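Engineer: Below is the sequence, then the predicted model.
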Amino acid sequence: MTKQEIIDFINKNQVCALATTDGLRPYLRQMMTFRADNDGIIFHTGDFKDVYKQLLSNPNVELCFNADNMQLRVSGTAVLLDDIILKDEIIVKRKFLNSIIEKYGYESIKVFRVRTMSATVWTMATNLSGKTYIDLN
């Protein structure tokens, strides 16, 4: 796959599993990305959640997307953004965040961009092949 094909796949299949760590213990949860582009993968969370604290402690993550009998794993570093325009765009497009903002406040919404990324693709057809990593930087 090319970098653009990977970006397109992520934007078409925005739900992924996000892996983080807390000390030596791994944590995995379903997450919905906001978008992917040439600068990385954007997602958001609340500063009251464990995932936020885990990302601040260790920003190394892996995201796993599954669709069309294909698994795409992307490893990278989650960088906390201070981009009010992007944050406002997310809040406008994701109405479900309004109840979170009402309870925890606007500042509780935190936006991350995954950068320094590499990806690997798995399918049943390539199950016994060695892994190939695609640089997404």
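Structural biologist: Received the coordinates, thanks.
Engineer: going forward, measure contacts between C-alpha atoms and count neighbours the same way
Structural biologist: Fine.
Engineer: how about the strands in the protein?
Structural biologist: In the chain, the strands defined using DSSP state E lie at 15-22, 25-32, 35-37, 40-46, 60-67, 70-81, 109-123, 134-135.
Engineer: residues near the closest residue in space to K53 that isn't next to it in sequence, how many?
Structural biologist: Using Cα to Cα, 6 or more residues apart in numbering and skipping residues adjacent in sequence, the residue nearest K53 is D47, 7.3 Å away. Counted by other Cα atoms under 10 Å, the residues lying close to D47 total 15.
Engineer: In terms of pLDDT, where does T126 sit?
Structural biologist: pLDDT, T126: 82.
Engineer: what do you get for N66?
Structural biologist: 97.
Engineer: again, but for K110
Structural biologist: 98.
Engineer: Do I have it right that it meets G46?
Structural biologist: Yes - taking contacts as Cα atoms under 8 Å, K110 lies within contact range of G46: 5.7 Å.
Engineer: Name whatever forms a beta bridge with Q71.
Structural biologist: N66, W122 (DSSP bridges).
Engineer: Next, the contact list for it, please.
Structural biologist: Residues near Q71 by Cα atoms under 8 Å, 6 or more residues apart in numbering: 64-65, 121-123.
Engineer: Pick out the most distant pair among the residues you listed.
Structural biologist: For the contacts of Q71, the farthest-apart pair by Cα to Cα is C64 and T123; their separation is 13.0 Å.
Engineer: Who has more neighbours out of the two?
Structural biologist: Higher neighbour count among C64 and T123: C64, with 20 against 14, using other Cα under 10 Å.
Engineer: quick one, what contacts that one?
Structural biologist: Per Cα under 8 Å, 6+ apart, neighbours of C64: 16-18, 71-74.
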